[in-house]
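In: Quick one: sequence plus predicted model below, questions after.
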Amino acid sequence: MSAPARRRDAEQNRTRILEAARAALAESDHVHLHEIAKRAGVGQGTLYRNFPNREALLAEVYRRDVEELVAAASALLSEHEPAKALRHWLDRVIDYAEIKRGVLAALEAAAWQDLAADIRNPIEGALGHLLDAGKAAGSIRADVDAHGVLLLIAYLGRLDRDEWGSRARPLMNVILDGLARQDGDR
């Protein structure tokens with residue numbers, strides 16, 4: 001039997017809670033549930049009805065970001081040529097990684113490992129889709145794969161919060177430049 005449908009106002013509360021949590025994670029690694037409830041304009045009871053604990057809330061923020069990131073790959077390919085779609089997608093990865101930093105800092109190690117195991121394949125699949133389209137179009141070098149690119153991107157997580165704004169996008173540009181197919185690769 002499936003879960004009953006949520007009332008419209010209950011779904012709006014849940015969405016506001018998730019948006020408030022996401023914004024709080026972008027600002028600080030130390031996220032308090034009472035602050036999230038206040039930002040979302042809901043009471044503590046409403047927050048706990050939707051998310052029984054901090055880990056459940058943070059995991060849902062992370063899952064939603066992953067779903068949006070994965071869905072964006074195909075959408076961007078339908079709007080742009082592959083190299084440009086990849087660039088736009090990697091810009092989203094930077095935003096996602098900033099939130100991921102907050103989730104990593106806030107979750108217990110065991111909860112994080114379970115969450116990471118669930119999302120690795122969809123993200124790698126979305127990136128593989130973008131890379132394959134770029135290879136087919138001749139704009140992405142043929143000797144790269146999604147797993148290797150994700151390993152490079154993972155190092156963004158080593159940036160300190162105070163240097164994120166000045167370094168994340170320039171470093172992602174270095175990765176993009178490295179992915180571009182050069183005339184000698186043809």
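Out: Arrived safely.
In: For the rest of this, base every contact and every neighbour count on C-alpha atoms.
Out: OK.
In: What ranges does the chain have for its helices?
Out: 8-27, 33-40, 44-50, 54-79, 82-106, 109-137, 146-154, 161-179 (DSSP state H).
In: In TSV: these, plus mean neighbour count and mean pLDDT.
Out: Output for the helices of the chain, formatted as TSV (neighbours: other C-alpha atoms under 10 Å; pLDDT from 0 to 100):
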stretch	mean neighbour count	mean pLDDT
helix 8-27	18	89
helix 33-40	18	93
helix 44-50	15	93
helix 54-79	17	90
helix 82-106	20	79
helix 109-137	16	78
helix 146-154	14	87
helix 161-179	14	90
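In: what's His32 sitting at in phi/psi?
Out: Dihedral pair for His32: phi -110, psi 140, per degrees, to the nearest 10.
In: any idea how far it lies from Leu57?
Out: Distance of His32 to Leu57, computed by C-alpha to C-alpha, to the nearest Å: 11 Å.
In: Same question for Ala126.
Out: With C-alpha to C-alpha as the criterion, Ala126 and Leu57 are 25 Å apart.
In: Then Glu68?
Out: Where Leu57 is concerned, Glu68 sits at a distance of 17 Å (C-alpha to C-alpha).
In: Next: Leu76.
Out: Distance from Leu76 to Leu57, by C-alpha to C-alpha: 28 Å.
In: just Pro170 next, same as before
Out: Going from Pro170 to Leu57 by C-alpha to C-alpha gives 31 Å.
In: Ok, Asp177 next?
Out: 37 Å.
In: One more: Ala26?
Out: Counting by C-alpha to C-alpha - Ala26 and Leu57 are separated by 15 Å.
In: Could you find the closest non-adjacent residue to the residue nearest the centre of the chain?
Out: Geometric centre of the chain, nearest residue: Tyr96, 3.1 Å, by C-alpha atoms, centre = their mean. Spatial nearest neighbour of Tyr96, chain neighbours left out: Asp65 (6.5 Å); criterion: C-alpha to C-alpha, 6 or more residues apart in numbering.
In: Wait, the one you found touches Asp95, no?
Out: No. In this structure, Asp65 is not within contact of Asp95 by C-alpha atoms under 8 Å, at 9.3 Å.
In: and Val42, what does it touch?
Out: 13, 17 (C-alpha atoms under 8 Å, 6 or more residues apart in numbering).
In: where does it land on pLDDT?
Out: Here, the pLDDT recorded for Val42 equals 95.
In: do His80 as well
Out: Value listed for His80 in the pLDDT field: 97.
In: Neighbours of it, how many?
Out: His80 has 12 neighbours, counted by other C-alpha atoms under 10 Å.
In: how much space between it and His34?
Out: In terms of C-alpha to C-alpha, His80 sits 42 Å off from His34.
In: swap in Arg64?
Out: 21 Å.
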